[in-house]
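> Next one to model:
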Amino acid sequence: MNFKITVAAAALALGANAFAQTKWDLPAAYPASNFHTENLTQFAADVDKASGGKLKITVHANASLFKANEIKRAVQGGQAQIGEVLLVNFENENPIYGVDGIPFLATSYADSKKLYEAQKPVLDKLLGTQGMKLLYTVAWPPQGIYSKKELASVADLRGIKWRAYSPATAKIAELIGAQPVTIQAAELSQALATGVVESYMSSGSTGYDSKTYESIKYWYDTQAWLPKNAIIVNKKAFDALDPATQAALTKAAADAETRGWKLSEEKNEWYKKALSEKGMKIVTPPAKLVSDMKQVGTIMQADWVKKAGPDGEAIIANFNKLKAAKK
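Next up, the predicted model:
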């Protein structure tokens, strides 16, 4: 009898191990309705299906698990196994993270992809030294200027309370003479409603999600840059998965990257139309405003290359080669 019980218990234990389930938390900074988060949810479902239920990823939207600026550290330290970060947020830690926040360096989806191609080998290496692995990225729609008043040039932004969500947007504030106020996406609606913020640069997506149209009436479609969100994974957590599950995760990530970039481009026009329907004026920026902002971009690019050193020079050189080759 005892022998039978022992055999049965061993069989049960073996079965449990064969179908052992790994659970991961994926903190994200944006609302569940944002296209990035919707893409993440699809990614998690794809991983679940492809791994036969062996890897379950729970997406925690809208900075509910960690704040936007805490997610990278959480993944790096193993508090979360996987997470979504806005790369430009971490430029002060290493300039390489901030290349897609340089105004007017890459202003279209096509050029943004080429910049990513040039940046990726350096980014992979950098994340590897920090115990992480890059799974995929998705660009935000092109960035424009939200303003409470009409703008003819950068001079009209002097002294304005300007939302800074990254080192690059804080640097823009400094160069144009605005007052930088650090506000993350999840806190933006309240900051706008209370007058803490009067202007900022972001995509139509952020303007729509945060109901910016309730407080601000102008969006200047400058198409200044396309920052990327990156899905990063803790290397130890990834290495602990069996090879089949690793392959399922990597394949789902590749699919999410392709889908996400396509979705971003499609949603760009949708967001502009939706903002317009909510009463916001979508404005083609005046020539003087564009030339002023391009001057800001030139200063910031030179500053970035100086800080990033040989790696930065290589990224810009490779990007320029890719642009020249694919015209």
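> Tell me how many other residues surround residue 193.
13 (other CB atoms under 10 Å). Every residue, glycine included, has its C-beta placed from N, CA and C.
> ok, now which ones touch it?
Remark: with contacts taken as CB atoms under 8 Å, 6 or more residues apart in numbering, residue 193 is in contact with 214, 215.
> Residue 259 versus that one, what's the distance?
Using CB to CB, to the nearest Å, one gets 34 Å for the distance from residue 193 to residue 259.
> Then residue 158?
Note on residue 158: its distance to residue 259, by CB to CB, is 42 Å.
> Who has more neighbours out of the two?
The residue with more neighbours, out of residue 158 and residue 259 and counting by other CB under 10 Å, is residue 259; that gives 18 against 11.
> Would you map the helices across the stretch 201-327 of the chain?
Using DSSP state H, counting those that start in this stretch, the helices found in the stretch 201-327 of the chain span residues 204-209, 235-239, 243-277, 287-325.
> Could you tell me how far the shortest one lies from the centre of the chain?
Spelled out, that is helix 235-239. The offset between the C-alpha centroid of helix 235-239 and the centroid of the whole chain comes to 22 Å, using CA atoms, centre = their mean, to the nearest Å.
> can you check the first one too?
If you compare the mean C-alpha spot of helix 204-209 with that of the full chain, they lie 14 Å apart, counting by CA atoms, centre = their mean.
> For it, C-alpha coordinates in CSV please.
Taking Å, rounded to 0.1, in the frame of the first residue of the first chain, the C-alpha atoms of helix 204-209 are listed here in CSV:
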residue,chain,number,x,y,z
GLY,A,204,-1.1,62.6,-30.8
SER,A,205,-1.4,59.4,-28.7
THR,A,206,-0.4,61.0,-25.4
GLY,A,207,-2.6,64.0,-26.2
TYR,A,208,-5.6,61.8,-26.7
ASP,A,209,-5.0,59.4,-23.7
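> Residue 232 contacts residue 82, correct?
Yes: with contact defined as CB atoms under 8 Å, residue 232 counts as touching residue 82 (7.1 Å).
> what about residue 24, neighbour count?
Count around residue 24 with other CB under 10 Å applied: 21.
> now swap in the one 4 residues further on and tell me
Residue 28 is flanked by 26 other residues according to other CB under 10 Å.
> Please apply the same query to residue 25.
For residue 25, the number of neighbouring residues by other CB under 10 Å comes to 17.
> hmm, back to that, what touches both of residue 232 and residue 82?
Residues touching both residue 232 and residue 82 (CB under 8 Å, 6+ apart): 75, 135.
> Of these two, which one has the most company?
Using other CB under 10 Å as the criterion, residue 232 and residue 82 rank with residue 82 on top: 30 against 24.
> Next, the contact list for that one, please.
Contacts for residue 82 were tallied using CB under 8 Å, 6+ apart; they are 24, 25, 26, 57, 75, 135, 231, 232, 233, 234, 237.
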